[in-house]
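Q: give me a 3D structure for the following:
(chains A and B)
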Amino acid sequence: DAGITQSPRHKVTETGTPVTLRCHQTENHRYMYWYRQDPGHGLRLIHYSYGVKDTDKGEVSDGYSVSRSKTEDFLLTLESATSSQTSVYFCAITGQINQPQHFGDGTRLSIL
Amino acid sequence: SQQGEEDPQALSIQEGENATMNCSYKTSINNLQWYRQNSGRGLVHLILIRSNEREKHSGRLRVTLDTSKKSSSLLITASRAADTASYFCATDGTGGGADGLTFGKGTHLIIQP
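A: Predicted structure coming up:
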């Protein structure tokens, strides 16, 4: 299995608070992704990174920011959490295009 | 918007039977992939089929791709209880996945013992 760890695995927080989710990989892969999974929507891309300090927006990026200061870590930040951001968040990595992505086990985030 | 759409949304069969799931997509692709997700876990890659391939096999899995119809199917033969999971197709547009994958909403497969 690809070495990919998400933290925390579960988090409950209140509306308006900042939240940061971490994705850590030990594969030295270039590409990293954040998706959210909601009932009835499947997985949707939030942000992605194609190298250190190189990031771009995905389909549902509003309300989220990301940072990648080193190859192994990709952080997802909710600056001011809202209830609509309650979801399961998945990080994925891949070393090359046209290759499969490898997923972490997810972070279940509840915003009350 | 969701590019891939799986059909059916849910499927329940007896152990030993074959399970077929379908996926439709809307735009040109380089590759189409199928993933499995067990309850409470991340997605696990099953098989990748390139746009110039029509069929691919991996163990009990058979995937077909028809780019003229923008559709794919996943066949699981001789199903087992451990195959109970959700199955997703994912497409990469023409960027090879560098800018992410687009997933369908999934088929929830239940294998009855």
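Q: in chain A, which spans are strands?
A: For chain A, the strands defined by DSSP state E cover A:4-7, A:10-13, A:19-25, A:31-38, A:42-51, A:54-57, A:64-70, A:73-78, A:87-94, A:102-103, A:107-111.
Q: buried stuff in stretch A:37-56?
A: For stretch A:37-56, burial by neighbour count (16 or more other CB atoms under 10 Å in any protein chain shown) applies to A:37, A:42, A:43, A:44, A:45, A:46, A:47, A:48, A:49, A:55. In short, each C-beta sits where N, CA and C put it, glycine included.
Q: can you put the strands of chain A in CSV and add mean pLDDT and distance to residue B:30?
A: Below are those laid out as CSV (pLDDT from 0 to 100; distance: least, CB to CB, whole Å):
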stretch, mean pLDDT, distance to residue B:30
strand A:4-7, 97, 23
strand A:10-13, 97, 36
strand A:19-25, 98, 23
strand A:31-38, 97, 14
strand A:42-51, 95, 16
strand A:54-57, 95, 18
strand A:64-70, 98, 24
strand A:73-78, 98, 23
strand A:87-94, 97, 13
strand A:102-103, 96, 18
strand A:107-111, 97, 29
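Q: return the member of the buried residues of stretch A:37-56 nearest to residue A:21.
A: Comparing these against residue A:21 with CB to CB places residue A:46 closest, at 10.2 Å.
Q: and the closest one, what is it in contact with?
A: A:34, A:35, A:36, A:58, A:59, A:60, A:61, A:64, A:66, A:76, A:89 (CB atoms under 8 Å, 6 or more residues apart in numbering or on different chains).
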